[in-house]
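Participant: The sequence isn't on hand, but the structure is:
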């Protein structure tokens, strides 16, 4: 990457199609590994394709949300510089294959995910857990909070929507650590859609509840994925709150390295993503958000969700390529 970075502005409109190509390339590279039982190979194929396409863009990009630290290369690591260096300085948050296990097992909702914003626009979340709570658009800020119990959140959302708790569906990662949360939600009469992986997609489901049937997301998962989900909701609308969770001194040290001093802070969507961003996600195994990759003799087809927070535009684009 060259060092002659130009002081050009972040033109989200011009960069958005390039970002869609990055997401598409990663999805298409992983297509041949759907259902093959090899998570690492699927992830590596997506990483290689995403890096190659990023390095064709006229940006001076820095990966701020990636797949670990430099010593974990060849993954797209935190701090890695991408692009030609000729263009605006940008932050990039990415997950080349969100749902490696889903892809290996051919289960729904595996996606390739990437967001881009001006330099300094995204929280540099360390690789720790984050307690997350998300709802869709059209509701007053603070309708639900992380300080509420799971049951109180359901009841508050139902009251705000003028419906019964039994009309609410909550998405939660199926993990032993969420057993009490699941019991609390079910105690209200609300339904739960349990997912095995892919909590960025889980949060995104809240923004299109008419399509997905999901009204709220809650539970702990990766903090980097929380920032990616915040970028998606910045474009789609909706609220997300996150609080970093630390299990030991090593994880607290990661926070210090990322410049985080208030370990108990609750971050809102606009505190995790402070400026306008663009976001792209491409379907791999398919689900309620995006259809799966289609492979036919001689060609492959994928669908990409491309969004800009500045305009609120949401595009679904189908791309077919010969193979």
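Facilitator: Great, that's in hand. This structure is a prediction, so every number in the text was calculated from the model and none was measured.

Participant: from here on, contacts and neighbour counts on C-alpha atoms
Facilitator: OK.

Participant: how about the closest residue in space to residue 279 that isn't next to it in sequence, what does it touch?
Facilitator: If you skip the residues right next to it in sequence, residue 279 has residue 115 as its closest partner in space, 4.3 Å away by C-alpha to C-alpha, 6 or more residues apart in numbering. Residues touching residue 115, when contacts are defined by C-alpha atoms under 8 Å, 6 or more residues apart in numbering, comprise 92-94, 228, 231-232, 277-280.

Participant: Domain map for this structure?
Facilitator: Per the record's domain assignment (automatic domain parsing), the chain is made up of the domains 12-121+277-322, 129-272.

Participant: which one of the ones you listed is the most hemmed in?
Facilitator: Comparing those by mean neighbour count (mean count of other C-alpha atoms under 10 Å), domain 12-121+277-322 comes out on top with a mean of 21.

Participant: That one: end-to-end distance?
Facilitator: 29 Å (C-alpha to C-alpha, to the nearest Å).

Participant: How far does it sit from its chain's centre?
Facilitator: Centre-to-centre, domain 12-121+277-322 and its host chain are 11 Å apart (C-alpha atoms, centre = their mean, to the nearest Å).

Participant: Let me know the helix or strand that the closest residue to residue 95 other than its chain neighbours is in.
Facilitator: Ranked by C-alpha to C-alpha, 6+ apart and with sequence neighbours excluded, the top spatial neighbour of residue 95 is residue 113, at 5.2 Å. According to DSSP states H and E, residue 113 maps onto strand 111-118.

Participant: quick one: strands adjacent to that strand?
Facilitator: strand 89-98 (antiparallel), strand 278-283 (antiparallel) (DSSP bridges).

Participant: for the residue nearest to residue 139 when sequence neighbours are not counted, helix, strand, or coil?
Facilitator: Among residues not flanking residue 139 along the chain, residue 160 sits closest, at 7.4 Å (C-alpha to C-alpha, 6+ apart). In terms of secondary structure, residue 160 is helix; the call rests on DSSP: H, G, I helix; E, B strand; the rest coil.

Participant: didn't residue 160 look like it was pressed against residue 138?
Facilitator: No. Counting by C-alpha atoms under 8 Å, residue 160 stays clear of residue 138, with 10.1 Å between them.

Participant: Confirm that residue 219 lies within a strand, as I assumed.
Facilitator: Yes. Remark: residue 219 belongs to a strand, assigned using three-state DSSP.

Participant: Pull the contacting residues for it.
Facilitator: Remark: with contacts taken as C-alpha under 8 Å, 6+ apart, residue 219 is in contact with 131-133, 172-173, 178, 181.

Participant: who touches the longest helix seen in the chain?
Facilitator: Determined from DSSP state H, the single longest helix within the chain is helix 12-30. When contacts are defined by C-alpha under 8 Å, 6+ apart, helix 12-30 is touched by residues 42-43, 45-50, 53-54, 57, 96-97, 111-114, 277-284, 293, 300-308, 319.

Participant: quick one: that helix to strand 111-118, angle?
Facilitator: Relative orientation of helix 12-30 versus strand 111-118 (axes from the mean of the first three to the mean of the last three C-alpha atoms, to 10 degrees): 150 degrees.

Participant: picking that back up, including mean pLDDT and distance to residue 153, could the strands paired with strand 111-118 go into a markdown table?
Facilitator: Formatted as a markdown table, the entries for the strands paired with strand 111-118 read as follows, by pLDDT from 0 to 100; distance: least, C-alpha to C-alpha, whole Å:
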| stretch | mean pLDDT | distance to residue 153 |
| --- | --- | --- |
| strand 89-98 | 96 | 27 |
| strand 278-283 | 98 | 28 |
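
Participant: about what we covered before: for the residue nearest to residue 279, give the beta-bridge partners.
Facilitator: With beta bridges defined as DSSP bridges, residue 115 has these partners: residue 93, residue 279.

Participant: Against residue 200, how distant is it?
Facilitator: When C-alpha to C-alpha is the yardstick, residue 115 and residue 200 sit 12 Å from each other.

Participant: what do the two both touch?
Facilitator: With C-alpha under 8 Å, 6+ apart as the test, residue 115 and residue 200 both reach residue 228.

Participant: Tell me if I'm right that the residue nearest to residue 95 and residue 92 touch.
Facilitator: No. The pair residue 113 and residue 92 does not pass the contact test of C-alpha under 8 Å, sitting 10.7 Å apart.

Participant: what ranges of the stretch 1-150 of the chain fall below the confidence cut-off?
Facilitator: Scanning the stretch 1-150 of the chain for pLDDT under 70 picks out the ranges 1-8, 68-74.

Participant: returning to that earlier point: would you turn the contacts of residue 115 into CSV with distance to residue 144?
Facilitator: As requested, those are arranged in CSV below (distance: C-alpha to C-alpha, whole Å):
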residue, distance to residue 144
92, 29
93, 26
94, 28
228, 20
231, 19
232, 19
277, 25
278, 26
279, 25
280, 27
